[in-house]
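Chemist: Just need the structure, nothing else, for what follows:
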Amino acid sequence: MNRMEALEAIKDMVSDELVVTTAGSATSDWHVVHPSDGQLQAKTLGLCSSIGLGLAIGQPDRRVIVLDGDGALWMNLSSLGTIGWKRPRNLVHICMDNGNYESSGGTPTASSARMNFAAVARGAGIESAVEADNPADFAAAVKHALSSDGPHFIWCRISGSRAKAPPFPMDELENKYRFIRFVEKTTGKTILQQSQVASQLH
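Modeler: You can find the predicted model right below:
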């Protein structure tokens, strides 16, 4: 399966969960199948898992889904140890692994050889760590993760073929504010507050 086929298999399971997407095609592909202001793109390669962990800790009553990539996770492998240490029950960490650095020319990643990200995640203390390489198994793994306490790690092995998805339609500043307003609207909590100085100028 390719990435788009995998995402199509889970799109109807996601409603108001917070979704963090890694730099690269995962962001544009997810936006095509499930457009929502509840999607935050991590512009820096490798930080998707750490941002997702922070959100899960800061929003303990919300499910947080991380759509990571193999190259990005390899750059920040230590995040698995932190997730296994902090054990956020609401975090679903998905690594979509095509075995290469897709956005920068297709250089092979460590998992293109013998590395097993699910085994690494279990070794880091994430007990619910599974792998899937077809839409049915991937959908079953995500369904389980969204209905039970985690943290969960899903190693989703995909092909290198890409769908021609249009680019993500907003820059990081617009994305950030839309995402914050989505969190405020769906939680009833205020995150952004106008400073007293600014309010006095109006």
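
Chemist: chain center to the helix of greatest length in the chain: distance?
Modeler: Looking across the chain with DSSP state H, the single longest helix is helix 172-187. The chain centroid and the centroid of helix 172-187 are separated by 16 Å under Cα atoms, centre = their mean, to the nearest Å.

Chemist: do the same with stretch 181-200
Modeler: Shown here is stretch 181-200, whose average C-alpha point lies 25 Å from the average C-alpha point of the whole chain (Cα atoms, centre = their mean).

Chemist: send the alpha carbons of that stretch over as PDB?
Modeler: The C-alpha trace of stretch 181-200 is given here as PDB (Å, rounded to 0.1, in the frame of the first residue of the first chain):
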ATOM      1  CA  ARG A 181      -8.500  28.200  17.600                       C
ATOM      2  CA  PHE A 182      -9.600  24.700  16.900                       C
ATOM      3  CA  VAL A 183      -8.200  23.500  20.300                       C
ATOM      4  CA  GLU A 184      -9.900  26.400  22.000                       C
ATOM      5  CA  LYS A 185     -13.300  25.800  20.300                       C
ATOM      6  CA  THR A 186     -13.300  22.000  20.900                       C
ATOM      7  CA  THR A 187     -12.100  22.200  24.600                       C
ATOM      8  CA  GLY A 188     -13.700  25.400  25.700                       C
ATOM      9  CA  LYS A 189     -10.400  26.600  27.100                       C
ATOM     10  CA  THR A 190      -8.700  29.900  26.200                       C
ATOM     11  CA  ILE A 191      -5.100  29.600  25.000                       C
ATOM     12  CA  LEU A 192      -4.500  33.000  23.300                       C
ATOM     13  CA  GLN A 193      -5.200  36.000  25.400                       C
ATOM     14  CA  GLN A 194      -4.900  39.700  24.300                       C
ATOM     15  CA  SER A 195      -2.400  41.500  26.500                       C
ATOM     16  CA  GLN A 196      -3.600  44.400  28.700                       C
ATOM     17  CA  VAL A 197      -1.400  46.800  26.800                       C
ATOM     18  CA  ALA A 198      -2.900  45.800  23.400                       C
ATOM     19  CA  SER A 199      -6.500  45.900  24.800                       C
ATOM     20  CA  GLN A 200      -5.900  49.500  26.100                       C
END
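
Chemist: Okay then, goodbye and thanks.
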